[in-house]
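J.: next comes the sequence, and after it the predicted model I'd like to discuss.
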Amino acid sequence: SNLLVVLRLCWAEPSLWLLVLGSSVPSLAALAVCAATGPGALRRLGARLLPVGPGVRPGEALRAYGLAFVLVPVCLLVTFALRSVWPGAHEGLQPDGIWGPALLGALLTASFLDQGGVLEELGWRGYAQMELQTDWRSPLAAALIVGVAWGLWHVPRDVVGGVVERLGLVSYLFLFLPAFVLGTVTTSVVAVWFVNRCGGSVIPAIVVHGLSNDAVGLAGMVDLEVALTPTHQVTKALPMLLLAGALVAVSGRELGRARSTAGGGA
């Protein structure tokens with residue numbers, strides 16, 4: 001999922017540009033809305049790309065980045081342990097991710113160059129979350145709304161990619177989709193906590209999104225058809241649910257938001 005690799009492949013296979021365009025839709029939509037609103041909205045959206053937002057000391061932000069870099073991989077390792085004992089989840093599961101000296105580089109690449117994280121997050125957490133995260137709607141409520149939208153946004157992918165046909169409509173609607181949306185909602189809550197801890201910067205959301213996509217293989221390596229099953233989605237969502245619950249227990253509905261970022265829409 002390395003964006004630089006994907007872009008290189010696009011030059012060899014031009015149809016892959018459609019994949020890049022599709023992943024960019026949330027951010028392109030945010031840019032279009034802000035452009036229609038005015039230069040001030042565009043400047044505020046662009047400021048989300050700074051690694052640290054206003055009112056947050058660099059040391060605080062650095063600790064938040066470090067915590068994200070640790071907690072999300074831990075969740076993936078718990079996912080692997082869970083899949084190892086979960087009925088039906090261990091079939092074809094291989095602990096052959098990237099290990100050894102290359103692991104650090106792989107985690108950094110997944111954090112900052114994941115295609116989904118880089119191309120989508122300016123729209124999801126950079127714009128939508130901050131527009132919804134106002135004084136009258138808590139960051140937690142906004143994170144839940146954006147998380148549901150983020151999950152349902154993948155439905156066309158599942159239709160075109162054959163996931164619905166392979167699983168069957170009933171299994172897809174009542175097993176796979178709820179498990180998948182649970183994963184996007186819990187990941188949204190986690191990402192927003194780190195975004196708020198960094199003063200509204202979207203970079204921590206890119207990190208959480210990229211790591212959670214697990215190109216490194218910490219949760220185990222399986223074929224794509226196996227990964228896109230209800231069992232594998234729910235085993236991935238449960239550790240993130242525990243982490244999201246812990247963050248809510250610590251910070252409440254504000255999810256780490258400081259006064260300086262309250263009501264700070266794009």
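T.: Arrived safely.
J.: could you use CA atoms for every contact and neighbour count after this?
T.: Fine.
J.: hmm, C198 is touching G59, no?
T.: No. Counting by Cα atoms under 8 Å, G59 is not a contact partner of C198; they are 10.0 Å apart.
J.: quick one: which of these two has more around it?
T.: Under the criterion of other Cα atoms under 10 Å, the comparison of C198 against G59 puts C198 first, with 32 against 11.
J.: contacts only, for the more buried one.
T.: P51, V52, G53, V56, E60, A61, A64, P204 (Cα atoms under 8 Å, 6 or more residues apart in numbering).
J.: format those residues as CSV; extra columns: secondary structure.
T.: CSV is the format used below for the contacts of C198 (DSSP: H, G, I helix; E, B strand; the rest coil):
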residue, secondary structure
P51, coil
V52, coil
G53, coil
V56, coil
E60, helix
A61, helix
A64, helix
P204, helix
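J.: pick out the most distant pair among those residues.
T.: V56 and P204 (13.6 Å; Cα to Cα).
J.: more neighbours: which of those two?
T.: Shown here are V56 and P204; by other Cα under 10 Å, P204 has more neighbours (33 against 17).
J.: ok, now how distant is that one from S15?
T.: Distance from P204 to S15, counting by Cα to Cα, to the nearest Å: 30 Å.
J.: centroid residue for this protein?
T.: By Cα atoms, centre = their mean, the chain has its centre lying nearest to H209, at 2.7 Å.
J.: where's that one relative to I98, distance?
T.: 18 Å.
J.: do the same with F180
T.: 25 Å.
J.: settle it for me: which of the two has more neighbours?
T.: Neighbours around F180 and I98, counted as other Cα under 10 Å, are more numerous at F180. The numbers are 24 against 17.
J.: got a list of what the residue nearest to the more buried one when sequence neighbours are not counted touches?
T.: Closest residue in space to F180, ignoring its immediate chain neighbours: Q233 at 5.6 Å, by Cα to Cα, 6 or more residues apart in numbering. By Cα under 8 Å, 6+ apart, the residues touching Q233 are F176, A179, F180, G183, A227.
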